[in-house]
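1. how would this look folded up:
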Amino acid sequence: MPKERLYLFDTTLRDGAQTNGVDFALDDKIEVARLLDALGIDYVEGGYPGANPTDTAFFAENRTDKATFTAFGMTKRAGVSLSNDPGLRDLLDSQSDAICFVAKTWDYHVKLALGISEDENIESIGDSVTAAREAGKEVLLDCEHFFDGYKANPDHALACAKAAYDAGARWIVLCDTNGGTLPDEVEAIVSEVAQTIPGDHLGIHAHNDTEQAVANSLAAVRAGARQVQGTLNGIGERCGNANLTSLIPTLMLKPAYADRFAIGVDAEGLAGLSKLAHRFDELVNRSPNRQAPYVGSSAFTTKAGIHASAIAKDPRTYEHVDPAAVGNRRQVLVSDQAGKANLVAELERMGIAVARGDGRLESLLREVKHRESVGYAYEAAGASFELLARRTFGVVPDYFDVESFHISVERRHNALGQLVTVSEAVVKLTVGNERLLTVAEGNGPVNALDRALRKDLGVYRDAIADLELIDYKVRILNGGTGAVTRVLIESADASGNSWFTVGVSENIVDASFEALNDSIIYKLLKAGVAAAG
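-> As a prediction, the model looks like this:
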């Protein structure tokens with residue numbers, strides 16, 4: 001039997017733009033629309049033309065090749081003619097393929113927010129849909145607060161939806177605007193609505209205020225809805241919207257849906273989903289959610305030794321899908337809970353072949369557990385662990401040797417009479433047969449040390465030119481000013497690769513130096529640089 005078609009509608013650039021701390025520039029919107037179009041999303045909702053200069057400029061031309069480029073806006077105001085409603089005119093004049101109108105369908109909102117009668121509300125819906133159709137647009141209606149409205153006054157809520165359908169709207173989208181409806185309620189109500197409006201004209205728009213937006217979307221699909229709305233990484237107002245990066249793989253990989261339905265995303269698009277999710281986080285300057293289903297860095301990560309042992313025998317013991325299907329990877333953490341299975345699995349991933357009976361494996365395991373007992377955290381610092389492992393099972397080139405470093409911090413008035421704090425670092429090191437002394441200032445002792453350490457590494461200068469420190473975290477492991485300090489540094493290079501290194505000491509600068517030193521050595525090692533002779 002042929003599969004039924006499910007249509008995906010992305011509202012990242014409209015509803016997602018209401019996320020606290022997220023602001024899309026025009027170039028951002030163009031880039032996100034391109035990513036969504038390439039992924040295979042059916043509808044890309046870009047915003048509200050006429051509401052602000054960015055959205056107006058965005059809709060000055062069509063921004064998608066395959067997806068239906070969709071504008072969002074209000075239905076015609078009651079008591080105003082179609083020709084005299086500037087908001088409606090901006091929608092009709094935009095270079096969109098479709099218009100998604102939003103209308104009140106909860107009688108409480110009709111009376112309180114709009115201050116009009118139920119009949120006037122229904123008339124505005126019908127007139128707006130008709131005008132958009134006559135302008136050559138595909139039309140959708142977002143039935144705002146539909147589930148609350150249906151529970152309060154089902155006749156009016158259904159009459160609003162039917163008015164749009166009868167006027168020729170392609171999709172009637174039932175919105176859980178407050179995000180408080182539960183999956184069993186969604187499934188029951190959508191089933192009832194589908195008796196009046198065919199399911200292949202029904203959509204679902206779920207908010208995540210009870211952490212059930214994905215579950216509510218799937219419940220609506222089971223009840224007959226054939227369009228699903230959501231956002232990349234689940235961003236959106238308050239607690240967010242239904243997360244398309246969770247919905248897409250569920251629809252494609254779980255037999256209950258994959259056997260029945262087809263979507264516009266293909267296997268290649270699915271395999272690029274993790275990369276797309278991370279790219280989107282970079283665009284909006286948000287830290288990726290490590291625990292995100294399917295695409296998070298921890299989604300297929302195992303820490304306990306007994307789990308790792310089972311995964312080594314058959315990954316299906318602790319993985320519900322193949323990580324590669326969504327562009328993610330299996331990761332076995334090395335920590336004080338590690339067993340030999342963890343180490344063997346992680347060493348294999350690094351390309352280090354070792355037999356389980358190799359005595360050096362036991363030695364490495366003891367060393368890891370000892371180091372973690374004094375504060376190291378290798379589960380969060382894979383690069384430092386790899387250097388430790390390679391020194392145990394092979395050789396890490398002796399790129400340079402730091403003889404000593406000195407850091408001074410001075411608080412003084414500058415030439416403008418401003419009180420400033422300046423840090424200066426002096427590093428003595430040997431590269432090959434050459435002894436070097438470097439000096440650098442920074443806005444703090446760690447920044448000064450970083451600059452001095454990398455300032456003049458002679459033959460390695462070009463290899464580390466693109467090395468960048470992108471995150472720096474300090475953790476105090478016990479109380480008092482003499483406490484042991486753990487420093488975790490994230491580094492990256494121009495290729496997009498990133499890695500974590502760790503340092504531990506009673507002195508924060510010394511811990512920082514250890515992590516910085518590991519970061520540079522790891523970069524040189526991965527670049528295949530030979531040690532200076």
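2. ok, A425 to G269 distance?
-> Distance, A425 to G269, using CB to CB, to the nearest Å: 48 Å. Backbone N, C-alpha and C define where each C-beta goes, glycine included.
3. higher neighbour count, the two?
-> A425 (25 against 18; other CB atoms under 10 Å).
4. mind checking how far that one is from G417?
-> With CB to CB as the criterion, A425 and G417 are 26 Å apart.
5. and what of P445?
-> 24 Å.
6. these two - which one has more neighbours?
-> Using other CB under 10 Å, the more surrounded residue of P445 and G417 is P445, with 18 against 6.
7. dump the residue contacts of that one.
-> 407, 409, 423, 425, 509, 512 (CB atoms under 8 Å, 6 or more residues apart in numbering).
8. quick check: the two most widely separated of those?
-> Farthest apart among the contacts of P445 by CB to CB are V409 and S512. That separation is 13.7 Å.
9. so these two - more neighbours on which side?
-> Neighbour comparison, V409 and S512: the larger count goes to S512, with 23 against 12 (by other CB under 10 Å).
10. tell me the confidence at that one?
-> S512 is assigned 94 on the pLDDT scale.
11. helix or strand for it, which one?
-> Assessed by DSSP states H and E, S512 sits inside helix 508-526.
12. which elements pack onto that helix?
-> helix 382-393, strand 401-413, helix 445-455, strand 468-476, strand 485-492, strand 498-505 (3 or more CB pairs under 8 Å, 6 or more residues apart in numbering; DSSP states H and E).
13. 10 Å instead?
-> If you count contacts as 3 or more CB pairs under 10 Å, 6 or more residues apart in numbering; DSSP states H and E, helix 508-526 packs onto helix 382-393, strand 401-413, strand 419-431, helix 445-455, strand 468-476, strand 485-492, strand 498-505.
14. my read: I248 touches I41, true?
-> Yes. Between I248 and I41 a contact is recorded at 9.0 Å, counting by CB atoms under 10 Å.
15. quick one, helices of the stretch 201-350 of the chain?
-> With helices called from DSSP state H, counting those that start in this stretch, the stretch 201-350 of the chain shows them at 213-223, 244-253, 255-258, 267-271, 273-283, 305-313, 340-350.
16. adding distance to L524, write those helices out as JSON lines.
-> As requested, the helices of the stretch 201-350 of the chain are exported to JSON lines (distance: least, CB to CB, whole Å):
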{"stretch": "helix 213-223", "distance to L524": "43"}
{"stretch": "helix 244-253", "distance to L524": "35"}
{"stretch": "helix 255-258", "distance to L524": "45"}
{"stretch": "helix 267-271", "distance to L524": "31"}
{"stretch": "helix 273-283", "distance to L524": "25"}
{"stretch": "helix 305-313", "distance to L524": "30"}
{"stretch": "helix 340-350", "distance to L524": "16"}
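17. weakest of the ones you listed by average pLDDT?
-> Among the helices of the stretch 201-350 of the chain, helix 305-313 carries the lowest mean pLDDT, a mean of 56.
18. please point out which parts of stretch 48-61 sit buried.
-> 48-50, 54-56, 58-59 (16 or more other CB atoms under 10 Å).
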